[in-house]
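In: structural data only, the sequence is not supplied:
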């Protein structure tokens, strides 16, 4: 469904990503693990259309979508939930969700989208008239994921969805994400060092300094970690 | 004194309404572009000259000339956005500031060259007409129209921003343009539409004040200062704040001028501005 083929690029003259390839099929949940500044967000910016890769190709359902605008990507069903939530903080919870279902394809499915997000995150229904800035950190992250879902994605890119959250809020976000594969939403989660992330993802990519250094079934990587067979450069990322 | 109070209030709301229209357009354009269009008040002056011009050529009443001035100003708004701003939205504020200063100098001098310094005014069929209430309350009709129209447009604009899909998109772009693009919103389209809309508000303001406003090439500068006070007082980028501050300052200016005279009365809004900022540095509405 989604293919990232040998992509390289960065910001101006600075190269951040060097020859990274990823793949994602319908309903899959994959992890993209890397330290801070490893290039996870940059890969997501390429896929979501916010940044043009210098070389390489991004494909979606067999079509070359490299260089498509963010709006085109959203229309196709590729939605990014950016790092730091980036909520519309002056607007209410409900308004945030409505804005995310503004374009025609999402607007036509708005009623079922609300059912989906309120089912996954019941607290948002109770807080629907509350200004987003006044929510707790965990609730804000739930709203960020819910807002992404309102755009009816077939691919959801989650950039550090649990950063800064307490264990309980982290668990509730992870539980909701793990339910998405049953609803045919393919997910890529970028995280720094989370065993919890690997547990809910079938496949894992590990990125160091903009290069893919390891990939494989998450279960295998966890086993290798338990038996201390992971390369030294990767070991520190999983804790 | 009490007999002229209703008239002072209507005049105040009419004057404030004009400030509110010009400032709310400016502030909502700022909200989506993060640049203050310093030429806003100069386009008000230009619009007034267009009204005068259409009257001298075709004998159009100012209110009728709105049919031409509004689309022309919308076109000017698009032109300014597409030529000046679109490619430079990411540039620093000072560069844009200099560009706008250059732009307003061009407008002012072009108007000076074409129309000279002689003040001009367009007359309407309702100029000097009064609405009489009771025995001795007389309200100038053009001011009553300006008062009702500006209040109506302000309330309409508020509901447009608050309750419509497009209004929510405008607020989303104003909150975080990149995040809005990730929601599938065409950010550039929202920006040019809002910018064009801010020029439509200028055109409407010009038509509303045309029957009672003498226009000269320096008028833009006078309105510019007051418009900035209004948007600062209302809280930068805040549509409701700009509306409230516009009406408040207009009423304050008119009441103070009527009660204590023009010498100190005109300075009262500025004193009020300073006092508000000592009390609420982020403006009246956050």
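Out: Nice, I can see it. Every value quoted in this text rests on a predicted model; they were computed, and no experiment measured them.
In: which bits of chain B sit near chain A?
Out: Listed as neighbours of chain A in chain B under the rule C-beta under 8 Å from any C-beta of the partner chain: B:165, B:168-169, B:171-172, B:175-176, B:178-186. C-betas here are computed from N, CA, C, even on glycine.
In: tell me the two of those that are most distant?
Out: Across the residues of chain B next to chain A, the longest distance by C-beta to C-beta is 19.9 Å; it joins B:165 and B:178.
In: and for residue B:189, the neighbour number?
Out: For residue B:189, the tally of surrounding residues (other C-beta atoms under 10 Å in any protein chain shown) stands at 12.
In: same question, residue A:126
Out: Neighbour tally, residue A:126, other C-beta under 10 Å: 12.
In: could you pull up the contacting residues of it?
Out: Applying C-beta atoms under 8 Å, 6 or more residues apart in numbering or on different chains to residue A:126 gives no contacts.
In: before we move on, what about residue A:127?
Out: Going by C-beta under 8 Å, 6+ apart, residue A:127 touches A:93, A:135, A:139.
In: from the residues of chain B next to chain A, which land in helices?
Out: In this view, these that belong to helices under DSSP state H are B:165, B:168, B:169, B:171, B:172, B:175, B:178, B:179, B:180, B:181.
In: mind checking which of those are buried?
Out: Taking 16 or more other C-beta atoms under 10 Å in any protein chain shown as the criterion, what is buried in those is B:168, B:169, B:171, B:172, B:175, B:179, B:180, B:181.
In: among these, which one sits closest to residue B:255?
Out: residue B:171 (33.4 Å).
In: what residues does chain A put near chain B?
Out: So chain A meets chain B at A:48, A:50, A:69-71, A:74-75, A:79-80, A:82, A:86-91, A:95, A:98-100, A:102-103, A:106, A:147, A:151 (C-beta under 8 Å from any C-beta).
In: can you rerun that using 7 Å?
Out: Selection of chain A residues close to chain B by C-beta under 7 Å from any C-beta of the partner chain yields A:48, A:50, A:70-71, A:74-75, A:80, A:82, A:86, A:88-91, A:95, A:98-100, A:102-103, A:151.
In: neighbours of residue B:182, how many?
Out: Per other C-beta under 10 Å, the neighbour tally for residue B:182 reads 25.
In: need the contact list for it.
Out: Taking C-beta atoms under 7 Å, 6 or more residues apart in numbering or on different chains, we find residue B:182 in contact with A:48, A:70, A:74, A:80, A:82.
In: kindly report the same for residue A:60.
Out: By C-beta under 7 Å, 6+ apart, residue A:60 lies in contact with A:1, A:2, A:76, A:78.
In: dihedrals phi and psi, it?
Out: Phi and psi for residue A:60, reported as degrees, to the nearest 10, are phi -140, psi 120.
In: and it, what are its bridge partners?
Out: Beta-bridge partners for residue A:60, by DSSP bridges, are residue A:2, residue A:63.
In: got it, and residue B:215?
Out: With DSSP bridges as the rule, residue B:215 is bridged to residue B:120.
In: and it, how far from residue B:222?
Out: The gap separating residue B:215 from residue B:222 is 11 Å, by C-beta to C-beta, to the nearest Å.
In: so which of those two has more stuff around it?
Out: A direct count of neighbours by other C-beta under 10 Å for residue B:215 and residue B:222 places residue B:215 higher, at 24 against 12.
In: so the more buried one sits against residue B:52, correct?
Out: Yes: applying C-beta atoms under 7 Å, one finds residue B:215 in contact with residue B:52, separated by 6.5 Å.
In: so what sits against both of these two?
Out: residue B:120.
In: tell me the contacts of the residue in the stretch 1-150 of chain B that chain A sits nearest to?
Out: With C-beta to the nearest C-beta, the shortest gap between the stretch 1-150 of chain B and chain A falls at residue B:31, namely 10.2 Å. Residues counted as contacts of residue B:31 (C-beta under 7 Å, 6+ apart) are B:174, B:237.
In: let's go with 8 Å and repeat that
Out: Taking C-beta under 8 Å, 6+ apart, we find residue B:31 in contact with B:170, B:173, B:174, B:194, B:237, B:238, B:239.
In: so the second one touches residue B:189, yeah?
Out: So the one you mean is residue B:173. No: assessed by C-beta atoms under 8 Å, residue B:173 is found out of contact with residue B:189, at 9.7 Å.
In: residue A:20 - that's part of a helix, no?
Out: No: under DSSP: H, G, I helix; E, B strand; the rest coil, residue A:20 sits outside any helix and is assigned strand.
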